[in-house]
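Novice: Next input, structure requested:
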Amino acid sequence: MRSSNRPDSSCPTREASRVDRDFPPTPDELDIRIPFDPDEFFVPDDATCERYWDQRDMPEHIRNHSTNVALIATAMARRAAEKNLIRGDAAVQAVRSSALLHDLAKIYCITHGGHHSQLGAAWVMEHTGNPLLAQGVLHHVWWPFTVDPIRHFLPLAVLYADKRVRHDEIVPLGVRFSDLFERYGKNDTARDRIGQALAQSQAIENCFNEHLKVDLNACTFDCGRLVD
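Specialist: Numbering: from 1, shown residues only. Predicted coordinates:
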């Protein structure tokens, strides 16, 4: 019988033991990490990200959504830098840039079909050559590996930030997912998938709360920085 390939949603304190199965191991199990060295990979600034928006004809409402997602992800990254979980201003900007670009392919896929996270990641690689930024775009809908904010801070921050913005409004997870259930929960399969995404987002929030020493659910992000 084929084993389930759902990610472990718990906040890990030690490495899980390896098990035999009939599908490839996750990067966590092989200890494969996408390296991030600010001197090695290009990280675009805000103005450059906005030029990419222009080149891909991003409409205003998706720009507004992306700006708020970046606001949340940047506040989390600054807090992580203060706690020495990520390294300095370049790492913070990498998180911010990936968040600004996470919906780069959204309008194209609405118009022509396809998965906007997959196409968007390919476009980000084309524009920047930075695999970490592309990873944040690729996985902003669903994270398929262990929820570990230390090892995978950038993609998890982008995913979580996206789940805190309903259209262009910053809201708690419950409000965001109530909207998703209302708009897309048309059958049992759809409701189950949305429920899985909600459970994962709550697990990610809990892990970030633990590592950042803050209650993200209570944060409005109106000052652009997380405080105790």
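Novice: Could you use CA atoms for every contact and neighbour count after this?
Specialist: Noted.
Novice: For the longest helix seen in the chain, buried residues please.
Specialist: Identified as the longest helix of the chain according to DSSP state H is helix 188-212. For helix 188-212, the neighbour count (16 or more other Cα atoms under 10 Å) marks 191, 194-195, 197-198, 200-208, 211-212 as buried.
Novice: and if you look at stretch 107-117?
Specialist: 107-108, 116-117.
Novice: And the contacts of it?
Specialist: 56-59, 102-106, 137-141 (Cα atoms under 8 Å, 6 or more residues apart in numbering).
Novice: Only alpha carbons, please: show it as CSV.
Specialist: Taking C-alpha atoms only, stretch 107-117 is exported to CSV below (Å, rounded to 0.1, in the frame of the first residue of the first chain):
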residue,chain,number,x,y,z
ILE,A,107,-3.4,37.1,-13.9
TYR,A,108,-1.8,35.1,-16.7
CYS,A,109,-3.1,31.8,-15.2
ILE,A,110,-6.6,33.2,-14.6
THR,A,111,-6.7,34.2,-18.2
HIS,A,112,-4.9,31.2,-19.9
GLY,A,113,-5.0,28.4,-17.3
GLY,A,114,-2.2,26.7,-15.4
HIS,A,115,-0.9,26.8,-11.9
HIS,A,116,0.2,30.3,-11.0
SER,A,117,2.6,29.1,-8.3
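Novice: How far off centre is it?
Specialist: 18 Å (Cα atoms, centre = their mean, to the nearest Å).
Novice: Ok, stretch 94-105 next?
Specialist: On Cα atoms, centre = their mean, the centre of stretch 94-105 falls 9 Å from that of its chain.
Novice: ditto for stretch 173-192
Specialist: Per Cα atoms, centre = their mean, the centroid offset for stretch 173-192 relative to its chain is 19 Å.
Novice: now do stretch 150-157
Specialist: 8 Å.
Novice: Which residues in that stretch does the neighbour count mark as buried?
Specialist: 151-157.
Novice: next SSE after the lowest-mean-pLDDT helix or strand in the chain?
Specialist: When each helix and strand of the chain is scored by mean pLDDT, DSSP states H and E, helix 27-30 comes last, with a mean of 47. Using DSSP states H and E, the helix or strand that directly follows helix 27-30 along the chain is helix 46-55.
Novice: Let me see the mean pLDDT of that next one.
Specialist: The average pLDDT for helix 46-55 rounds to 98.
Novice: next one: stretch 162-170
Specialist: 96.
Novice: swap in stretch 139-153?
Specialist: Rounded mean pLDDT across stretch 139-153 is 93.
Novice: Out of the buried residues of helix 188-212, flag the one nearest to Val147.
Specialist: Set against Val147, the nearest of these by Cα to Cα is Ile204 (6.4 Å).
Novice: Phe153 versus the closest one, what's the distance?
Specialist: 10 Å (Cα to Cα, to the nearest Å).
Novice: Kindly report the same for Ala90.
Specialist: Taken as Cα to Cα, the span from Ala90 to Phe153 is 14 Å.
Novice: Check Pro144 too.
Specialist: Counting by Cα to Cα, the gap from Pro144 to Phe153 is 14 Å.
Novice: Excluding chain neighbours, what is closest to Pro131?
Specialist: Spatial nearest neighbour of Pro131, excluding adjacent residues (Cα to Cα, 6 or more residues apart in numbering): Met125 at 6.4 Å.
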